[in-house]
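Trainee: Following is a predicted model, sequence given first.
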Amino acid sequence: MVINDSNYNEVVAQGKPMVLDFWATWCGPCRMVGPIIQELADQYEGQVIVGKVNIEEEADDLVSQFGIRNIPTIIYMKDGQIVDKVVGAASKSVLEEKLKALL
């Protein structure tokens, strides 16, 4: 799911735990993490909202709101609050462990 400034509040209002992947097309580590994020989105569909936030497209407010300085940054949220974060490339096991903690 693509998350941007215009749909963020609507997505949060669904009340489900969220994983937000802040990325850019030119970012090598982002391209490494991207397929893992997609696998997790498919695996946990219906339980967790997994969204991708392209920092180059319509996401200036979100980048500022979350203080994103490096990418990839993966933010884990529950009840609208940040509960965990991973900065840089990480393995599927690390990302999935943090996702499971949301459930």
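Mentor: Structure's in. What do you need?

Trainee: how would you label the nearest residue to Trp23 once chain neighbours are set aside: helix, strand or coil?
Mentor: Once flanking residues are discounted, Trp23 sits nearest to Cys30: 3.8 Å by CB to CB, 6 or more residues apart in numbering. No exception for glycine: its C-beta is placed from N, CA and C like everyone else's. Using DSSP: H, G, I helix; E, B strand; the rest coil, the secondary structure recorded for Cys30 is helix.

Trainee: show me what contacts Cys30?
Mentor: Asp21, Trp23, Ala24, Ile71, Pro72 (CB atoms under 8 Å, 6 or more residues apart in numbering).

Trainee: Assign a three-state SS to Leu20, would you?
Mentor: Recorded secondary structure, Leu20: strand (three-state DSSP).

Trainee: Let's see the pLDDT reported for Gly80.
Mentor: Per-residue confidence (pLDDT) for Gly80: 87.

Trainee: what's the spacing between the closest residue to it other than its chain neighbours and Lys100?
Mentor: Leaving aside its chain neighbours, Gly80 sits nearest to Val12 (5.6 Å; criterion: CB to CB, 6+ apart). As judged by CB to CB, to the nearest Å, Val12 and Lys100 stand 21 Å apart.

Trainee: what's the answer for Glu56, then?
Mentor: Separation of Glu56 from Lys100 (CB to CB): 30 Å.

Trainee: the more surrounded of Val12 and Lys100?
Mentor: Per other CB atoms under 10 Å, whichever of Val12 and Lys100 has more neighbours is Val12, with 15 against 12.

Trainee: Who are the contact partners of the more buried one?
Mentor: Val12 neighbours (CB under 8 Å, 6+ apart): Met18, Met77, Gly80.
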